[in-house]
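Visitor: attaching a predicted model along with its sequence, questions to come.
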Amino acid sequence: MPRTILEPRFHVEYLSILDSDGNLDAALEPKLSPGELRSLHRAMVLARRFDERMVRLQRQGRIGTFAPIKGQEASQLGSVITLRATDWMVPSFRETAAMIWRGWPIEKILLFFAGYVEGGRPAPDQRDLPITIPVGTQLPHAVGLAYAAQYRGDDAVVMAYFGDGATSEGDFHEALNFAGVWHVPVVFVCQNNQWAISVPLKKQTHSKTIAQKALAYGLPGIQVDGNDVLAVYTAAREAVERARAGEGPTLIECVTYRLGVHTTADDPTKYRTQEEVTAWEQKDPLTRFRAYLEKKDLLEDGLEQRVDEEIAEAVRRFEATPPPDPLLVFDHVYAEMPPHLRAQREELARWLREGGAPAPEPPEAPQGATPMRGQRLTRR
Amino acid sequence: MPRTILEPRFHVEYLSILDSDGNLDAALEPKLSPGELRSLHRAMVLARRFDERMVRLQRQGRIGTFAPIKGQEASQLGSVITLRATDWMVPSFRETAAMIWRGWPIEKILLFFAGYVEGGRPAPDQRDLPITIPVGTQLPHAVGLAYAAQYRGDDAVVMAYFGDGATSEGDFHEALNFAGVWHVPVVFVCQNNQWAISVPLKKQTHSKTIAQKALAYGLPGIQVDGNDVLAVYTAAREAVERARAGEGPTLIECVTYRLGVHTTADDPTKYRTQEEVTAWEQKDPLTRFRAYLEKKDLLEDGLEQRVDEEIAEAVRRFEATPPPDPLLVFDHVYAEMPPHLRAQREELARWLREGGAPAPEPPEAPQGATPMRGQRLTRR
Amino acid sequence: MTPITKLNMVKALNLALLQEMERDPDVLILGEDVGVDGGVFRVTDDLQRKFGSQRVIDSPLAEAAIIGTAVGMALYGLKPVCEIQFSGFAFQCFHQIENHAARYRQRSQGRFHCQMVIRMPYGGGVRALEHHTESEEQFYAHVPGLKMVIPSGPRTARALLTSAIRDPDPVVFFESKALYHAAKEEIPEDPETLPIGRAQVVREGVDLTLVAYGAMLRVAREAADVLQAEDRVETEVIDLLTIAPLDRETIVTSVGKTGRAVVVHEAPRSFGPGAEVAASIMEGAFLHLEAPVRRVTANDVSFVGFAREKANIPDVARIVAAARETLAF
Amino acid sequence: MTPITKLNMVKALNLALLQEMERDPDVLILGEDVGVDGGVFRVTDDLQRKFGSQRVIDSPLAEAAIIGTAVGMALYGLKPVCEIQFSGFAFQCFHQIENHAARYRQRSQGRFHCQMVIRMPYGGGVRALEHHTESEEQFYAHVPGLKMVIPSGPRTARALLTSAIRDPDPVVFFESKALYHAAKEEIPEDPETLPIGRAQVVREGVDLTLVAYGAMLRVAREAADVLQAEDRVETEVIDLLTIAPLDRETIVTSVGKTGRAVVVHEAPRSFGPGAEVAASIMEGAFLHLEAPVRRVTANDVSFVGFAREKANIPDVARIVAAARETLAF
Ligand SMILES: Cc1ncc(C[n+]2csc(CCOP(=O)(O)OP(=O)(O)O)c2C)c(N)n1
Ligand SMILES: Cc1ncc(C[n+]2csc(CCOP(=O)(O)OP(=O)(O)O)c2C)c(N)n1
Ligand SMILES: [Mg+2]
Ligand SMILES: [Mg+2]
């Protein structure tokens, strides 16, 4: 009766397979085919190069503010590759790598960040939500999708992405709690990149890990080395399999690092040291995976070049986009345009015909944007 | 490097001192003086009798809907008595016992539930927030008060009350997370009474306990027998002492039961069995404490009668309240009345002078209120 | 002819839910206490027994997740009908409504949309505490992409809820607590719909237009009776039914005829729905206007306590007085 | 005489914060990235270094808790100045604002109140993504107990923020992102205040009243210049400064003189602030009105993407056109 310790003792696991010194835990090594390893590597390189390209495009004023992913490629790709096309991917705003893997055309991503609403439109059969900007708000959507899949008897799994900062939002809590109660097929992938803009993890929460937050919902939680694509893959595959088998949700914390700026409007020198960044650069997920493939003799010649060409093609397509038609914005407010919107549309149309309205804005550098001191290009 | 279990192993304690069969763990028995024990008992009896009286007043249409506390007296009083007058008490809407202990006059509580805004006004020096109705929203206020106390260098502690259902709200999560990061002197007291209206705990969350939710915030969490006033007191005292000593927040889960209706508009026969209620009636906190005091020969003669007389006096004062002045509601919208409110006030004043407005509503039974099948009177 | 039953608003709403769930397996219900308990006002009574706990879901206590998960369900193709227990607790999910439910169609350029209904009881007159008496329709009316509907009695409630469930856009659906048990109306048993976005002229007149909705409609009609009886004034009464998108045409046509208008609502006056009605009348019928449009509303006070509620919510006498001033202008 | 400096709006706001914090130890700052980073727009730059991390608090990422804890601090007697990083993320805390910040004075009948400021950047014109370009002032303007302030440039920003911090009531304070770096103004170094609840006539005229605020003020002034130059029209321009409580007196007095009015805002039109301005003009100056009050606003679309933003936000040409139509009515 007296002071007792309630069973079970809770615990949270940590998983690492390929560490930053290149040590491999062969017992845990996932069985990925050479083809799978190659396409994973290709995706990582593409994501990295495209990210760097976007930074340059932003500096040239050809796209607006965006959130680079440099350093987080393994967290995103290690997890997203465990999905089927019929599964759902629910991104936040920093999932360029995952989005490309899921088939978002590069030029559409550019359109999005150039302020075109067209950039948010998934392909007709694509089971991806568009980018969600309000932090954490996409998590209940993921749970709802998973509920719907279960309700319909589909075997689809939902994977939702978010950052360490997002775990502080009420929506994170409510979503994980609903997921637990409903026992739905959803995998929560937290990219703990140590920072929410200028706020470090220790000011974000007093818990030692993000993974242990799963205990509040009676869910399994696991922490993985998020720069170790094999560990991420292994944890995600297990979680997806469990979800698909009806065994409910999982929270995966990928311990990673945002090597670049928060967004292209951010100046990280205000809040973190170069030493910290340099230390994490030693743990670059690409370097590590490259070494792994090298040992397996799976590196492709000319990969960077081919990837760059693909990006260049997409940028050309993006740049050939016709000027935006201002009238488009009335089309998708409601299924049917109500009279007041029809009137507003007609007014604008007349105005445009009569030359009253300003021409669509040409790409130009935004006023007062902070130079991006924190973002450097790949050295390799 | 491989799959490891992260230290520390998390755990949650359970505390019980005086069980429902009257067994006492003497080693854990708190050192309360006879006077303290008597006044605690008096408060429990007063709270119980007043609660029953309110139910009758509601049935007679003399007050509106309210939330009875029957069964939760130990959870509220065991915790609130650990506070000093200079500490803060932050209630939800079911803390009548705690409010009376903190000095809210009974007639003011009645006024509140009779729809008078005057009922929400604490005494000038009283460090209690008024009743908060939106579930969980008071928890960030408690954290803010605690921050302010710390900021000012006051040694005040804040105690905040809420239910099991409230733990699902985003505000609960955000409040506990802020409290953890800020390390402020706040004690979160969850009265887990097993139900949120018709929703049982197992549909509310998939975690086995509420206490373990503390782990998500790196906070100590403890589960206590909420019908054991000695256990509640012991856990609360420790938490308050820790808070006052600068050792940060605690989450206390009091496992208790709402023996009556959710509110006087509720019909619990829709969602729970009589067997369940009967089983919990065996664990009545008053019966148990009474037996404890009896063994110590601390029971007072005529206590019920004196308490009833006190209540009757307060009800008389409540009933002598003059009819409400409709113009009062303009006074406290802003510190200074802005012109549009002044105009609205003058319009209403003129209207009242000219007899246009309806007379203030006399107490009457609300239309369509469900009869309260779930609420029975104390048998003793 | 389809049989007719007499139902109060609670039962009428329940009928709409029942029939739409029978008609379409994608319709499901989600909210606090909507299942076993049948909702604190019993609007969803018995539906969980009929359709199971997977289709009538007793959710945990978290409004943002109720709406947020419903958005996810809707994106998948389901048609959730959410209940927020009282409109006073819907600001907890306002971000999910404004940021997402209202925007997914635009954000995805038509690839996704949120066919969902967000039901909630609103308004005063039932001796209830703070947050249980307010009228927040204005907040939803201003959000592009949302529809904001408020029926005025059992029959419009049933028909509009049916339409709302079938509507491909997110509909916020307010149900007046004061009307829940107020009166019964004859209701055809076969499903009946009403077009969303259309007001109804419920009484014709030539002297004055009274614009009202929800619980205020009945009050406005009674005021029209008084004006008829005591002043021989022919009042046209418009029941908005949909607040947004506002049916300006019906309102403007009426005021074009009467030249005078009074708009009535329970929400506070300033920056309230009456302002849009007044501004729209001015824009559409300026040259016909013989007096300024008057607003009869609650005062600009967040809550007053039910002991003082009657002096705050518009009643027949106040509407009559405003009408007389407008007529005498 | 007090020395004068030339400051842009970011620095002007920073000055107000600095001086108020020096003046009153109860003033503290709370928000995401307000400390080390100095705010994503640098409005709180350097303040944490000066006042410490207990007074300039880098909070976790949770808007409801930022406002909710600030409410608690205010109840204790502190005077928190909260920053919500963008107004598009403030619906996350709308329940804390509406349910609590705005109501504690009434709920406690004056025993408690929330002296707090809720700052947020709002509005378009900076090539930003969804939720970073919207104008949500209407939602706050309709909440009794709140004050809603929007300065139009560095000097009004500094003076109004100073007043807001000293104001015993909760003030929602919108800062136009487009104005942050747009222009510098001369600002007296000694603290300056401006009365909350009062509009300013910033240009006198007899033919037409233009009502605007925030980033639209400059646009409205330019339109007035065009009307002067091209049409010889004398436009009176009113800078609202406070949206709520609305200074109806200044507006009505002006329209009583001009007989015509155009109201301009970035928020969507329907059920927007322009409706209240129009309705108030009709109520206060009906017999002087020679034309309906026109609204020049964004369209009723939640977001358009910045590639299409210029066609959505009012500009000089659209205001001039509306003014001409109003004058020709
Ligand atoms: C609700 C909300 N609040 C604030 C912001 C502004 N904001 C954008 S990203 C960000 C930090 C997010 O941190 P984290 O979740 O760790 O993701 P990361 O940026 O590190 O990928 C903030 C505060 C937002 N987008 N949404
Ligand atoms: C935000 C909010 N949502 C819904 C309600 C309606 N409501 C009042 S009490 C209650 C259940 C609360 O359950 P719990 O937190 O366990 O407290 P208890 O009533 O058991 O004391 C609900 C849903 C509310 N008051 N506030
Ligand atoms: Mg992060
Ligand atoms: Mg409970």
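Guide: That came in fine, so what should we check first? Since this is a predicted model, take the numbers as computed values, not measurements. Ligands and ions are numbered 1, 2, ... in the order given.
Visitor: distance of the residue in the stretch 101-250 of chain C positioned nearest to ligand 2 relative to C:Ala229?
Guide: Among all residues of the stretch 101-250 of chain C, C:His131 sits closest to ligand 2, at 6.8 Å; criterion: C-beta to the nearest ligand atom. C-beta here means a position set from N, CA and C on the backbone, and glycine is covered the same way. Using C-beta to C-beta, to the nearest Å, C:His131 is found at 38 Å from C:Ala229.
Visitor: report the central residue of chain A.
Guide: A:Glu95 (2.0 Å; C-alpha atoms, centre = their mean).
Visitor: would you list the phi and psi of that residue?
Guide: Reported as degrees, to the nearest 10, the phi and psi values for A:Glu95 are phi -120, psi 40.
Visitor: list the buried residues for stretch A:312-325?
Guide: A:Ala314, A:Val315, A:Phe318, A:Pro324 (16 or more other C-beta atoms under 10 Å in any protein chain shown).
Visitor: ignore what I typed, I meant stretch C:176-184.
Guide: Buried, per 16+ other C-beta under 10 Å, within stretch C:176-184: C:Ser176, C:Lys177, C:Ala178, C:Leu179, C:Tyr180, C:His181, C:Ala182, C:Lys184.
Visitor: equivalent analysis for stretch A:97-107, please.
Guide: A:Ala97, A:Ala98, A:Met99, A:Ile100, A:Trp101, A:Arg102, A:Trp104, A:Ile106, A:Glu107.
Visitor: from the residues you listed, which is closest to B:Pro91?
Guide: Distance to B:Pro91, by C-beta to C-beta, is smallest for A:Ala98 among these, at 45.5 Å.
Visitor: now the closest one: which helix or strand?
Guide: Taking DSSP states H and E as the definition, A:Ala98 sits inside helix A:96-101.
Visitor: returning to that earlier point: give me the distance between the residue nearest to the centre of chain A and A:Gly163.
Guide: Distance from A:Glu95 to A:Gly163, by C-beta to C-beta: 10 Å.
Visitor: one step back: same list (the buried residues of stretch C:176-184) but as JSON lines, adding pLDDT.
Guide: Output for these, formatted as JSON lines (pLDDT from 0 to 100):
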{"residue": "C:Ser176", "pLDDT": "98"}
{"residue": "C:Lys177", "pLDDT": "98"}
{"residue": "C:Ala178", "pLDDT": "97"}
{"residue": "C:Leu179", "pLDDT": "98"}
{"residue": "C:Tyr180", "pLDDT": "98"}
{"residue": "C:His181", "pLDDT": "97"}
{"residue": "C:Ala182", "pLDDT": "95"}
{"residue": "C:Lys184", "pLDDT": "97"}
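Visitor: where exactly do the helices run in chain C?
Guide: C:9-23, C:47-51, C:63-76, C:94-95, C:104-107, C:137-141, C:154-166, C:177-180, C:215-226, C:248-258, C:273-285, C:316-328 (DSSP state H).
Visitor: now the stretch 101-250 of chain A
Guide: A:106-113, A:138-152, A:170-182, A:201-204, A:229-244 (DSSP state H, counting those that start in this stretch).
Visitor: just these: most buried one?
Guide: helix A:170-182 (a mean of 29; mean count of other C-beta atoms under 10 Å in any protein chain shown).
Visitor: put the alpha carbons of that one into PDB.
Guide: Output of helix A:170-182 as PDB, limited to C-alpha atoms (Å, rounded to 0.1, in the frame of the first residue of the first chain):
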ATOM      1  CA  GLY A 170      -0.900  22.100 -28.200                       C
ATOM      2  CA  ASP A 171      -1.700  20.600 -31.600                       C
ATOM      3  CA  PHE A 172       1.200  18.100 -31.200                       C
ATOM      4  CA  HIS A 173      -0.200  17.000 -27.900                       C
ATOM      5  CA  GLU A 174      -3.800  16.700 -29.000                       C
ATOM      6  CA  ALA A 175      -2.800  14.800 -32.100                       C
ATOM      7  CA  LEU A 176      -0.700  12.200 -30.300                       C
ATOM      8  CA  ASN A 177      -3.300  11.800 -27.700                       C
ATOM      9  CA  PHE A 178      -6.000  11.200 -30.300                       C
ATOM     10  CA  ALA A 179      -3.700   8.800 -32.200                       C
ATOM     11  CA  GLY A 180      -3.200   6.800 -29.000                       C
ATOM     12  CA  VAL A 181      -6.800   6.600 -28.100                       C
ATOM     13  CA  TRP A 182      -7.900   5.700 -31.700                       C
END
